[in-house]
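S.K.: my questions concern the predicted model and sequence given below.
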Amino acid sequence: MLESLNPEIISFKETAIMEIANFGRNYQKETGKHVFPAWFGEGDTETSNIIYGKTIESLKKGKTFYTYQNGIPDLRSEIAKYMNEVFKINTKPENHSVVTGGMMGLRLICDLIVDTGDEVVMVGPVWPNIRSSVLLKRGSIKEISLQLKDSEWTLDYDKLISSITSKTKMVFVNSPGNPTGWEMSKKQKDRLLKHTRDLGCWLVSDEVYHQITYNDLPSSSFLECSNPNDRLIVINSSSKSFNMTGWRIGWITHPEELGSHIAKLVQITTTGVPEFLQDGLISALQNYKDITKQLRKSLKVSRDMMFDRLVNWKQVECSIPNAAFYAFFKVKGINDSLEFSKKLILDTNVGVAPGIAFGQSGEGHIRICFAAKESFINQIMDRLEPVLNKS
Ligand SMILES: Cc1ncc(COP(=O)(O)O)c(C=O)c1O
């Protein structure tokens with residue numbers, strides 16, 4: 001049966017994050033033992049009641065019909081207001097399109113830009129779904145890898161700039177980055193944007209973690225140094241900033257003239273985000289200051305709890321992230337992070353994401369999501385310590 005399906009899809013490999021999650025879930029089913037899941041990138045805090053309230057109200061009002069492909073006008077206005085306030089920029093509602101999560105935003109943008117053989121330059125290690133979205137369009141990836149030097153993730157910036165040439169169709173940057181938490185500085189963003197502007201290639205910036213920082217300020221955006229005609233697209237999401245991973249709603253910021261083309265792609269994929277969810281996002285954006293303040297406060301507690309121990313462990317080489325919510329660290333002596341992660345499940349019942357999921361430059365590392373309650377962090381750290389802190 002399978003031979004009659006699209007061979008490209010059939011041969012497409014699932015990500016190592018899904019592979020480890022499936023391995024862990026099977027192990028749990030077969031043994032009845034609980035596996036502590038720290039493999040996915042999401043918090044364990046429920047969406048705030050304010051957001052639920054608005055969503056339920058909207059459902060009760062019967063907002064259950066097909067809706068605008070780029071998002072309802074009220075939401076696009078609210079997004080523009082939010083983006084302008086957070087980044088001190090001057091966008092219009094027409095610069096923003098609502099999509100079914102950051103993931104769908106990435107897919108649609110790859111559909112719009114990437115064609116067979118197109119060169120895409122990206123900074124790695126990088127979230128696997130980004131790589132997959134490019135590969136599905138048969139783009140060719142050139143990765144410039146961050147290096148862990150003196151407990152900091154650092155980018156060979158000149159190498160990045162010189163690798164972007166007239167052959168490059170798209171540059172992809174995810175800052176704050178998943179898995180490393182690395183942030184590109186404002187100055188570097190400015191120079192990179194100038195370089196892509198001169199070459200006429202697209203710059204796609206995934207900024208879904210812009211509110212997840214530990215200095216009470218949002219991380220900077222490429223939009224802060226852009227012109228309205230720049231070939232710049234910014235991907236955003238409600239998932240991380242507002243604890244709304246399961247809601248599947250995000251937005252793309254783009255030059256105005258792209259709006260109608262994004263609308264066509266939305267039409268033939270999801271046909272738009274349900275209106276009641278869009279009303280929920282309006283209330284999240286209207287209350288963003290309170291929601292993100294609380295979120296950052298609790299994430300900082302979790303981060304510090306984890307790193308107070310991790311930095312001292314003998315088998316670990318790590319950088320304390322200033323953004324995003326992951327501990328991504330090197331484990332001494334391992335060269336097959338998938339096998340190591342499977343063994344961790346068997347030996348400690350803790351499920352982590354193997355570094356290889358984030359590309360070759362992630363091999364030898366593992367990622368733990370620390371967006372979790374104190375008791376969860378304490379339990380997984382107690383379980384991991386005998387393995388990662390042995391002499
Ligand atoms: C870097 C990055 N971009 C985009 C996404 C997608 O987020 P969502 O589809 O939940 O909005 C994620 C989720 O983990 C991510 O880590």
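M.R.: Okay, I see it.

S.K.: counting neighbours, what do you get for residue 347?
M.R.: Other residues near residue 347 number 12, with proximity taken as other CB atoms under 10 Å. Bear in mind the C-beta positions are built from the backbone N, C-alpha and C, glycine included.

S.K.: for it, which non-adjacent residue is closest in space?
M.R.: Closest residue in space to residue 347, ignoring its immediate chain neighbours: residue 387 at 6.4 Å, by CB to CB, 6 or more residues apart in numbering.

S.K.: same question for residue 86.
M.R.: residue 218 (5.4 Å).

S.K.: which SS state does that neighbour fall under?
M.R.: coil (DSSP: H, G, I helix; E, B strand; the rest coil).

S.K.: what are the phi and psi angles of residue 173?
M.R.: Note on residue 173: backbone dihedrals following degrees, to the nearest 10 are phi -130, psi 140.

S.K.: near the ligand, which residues of this structure?
M.R.: 41, 101-103, 127, 174, 178, 206, 208, 237, 239, 245, 250 (CB under 6 Å from any ligand atom).

S.K.: at 5 Å instead, please
M.R.: Residues of the chain found near the ligand (CB under 5 Å from any ligand atom) are 41, 101-103, 127, 174, 178, 206, 208, 237, 239, 250.

S.K.: just the residues you listed: which are in strands?
M.R.: The strands, defined by DSSP state E, take in 174, 206, 237, 250 from the residues of the chain next to the ligand.

S.K.: from the residues you listed, keep the buried residues only.
M.R.: 174, 206, 237, 250 (16 or more other CB atoms under 10 Å).

S.K.: burial of the closest residue to residue 173 other than its chain neighbours, as a residue count?
M.R.: Distances taken as CB to CB, 6+ apart place residue 205 nearest to residue 173, at 5.2 Å, with adjacent residues excluded. Residue 205: 24 surrounding residues under other CB under 10 Å.

S.K.: same check on the one 3 residues further on?
M.R.: The tally of other residues near residue 208 (other CB under 10 Å) stands at 26.

S.K.: can you tell me the closest non-neighbouring residue to residue 379?
M.R.: Using CB to CB, 6+ apart and skipping the chain neighbours, the partner closest in space to residue 379 is residue 36 (6.4 Å).

S.K.: re earlier: give me the buried positions along the helix or strand that contains the residue nearest to residue 347.
M.R.: Taking DSSP states H and E as the criterion, residue 387 maps to helix 374-388. Neighbour counts over helix 374-388 (16+ other CB under 10 Å) mark 376-377, 379-381, 383-384, 387-388 as buried.
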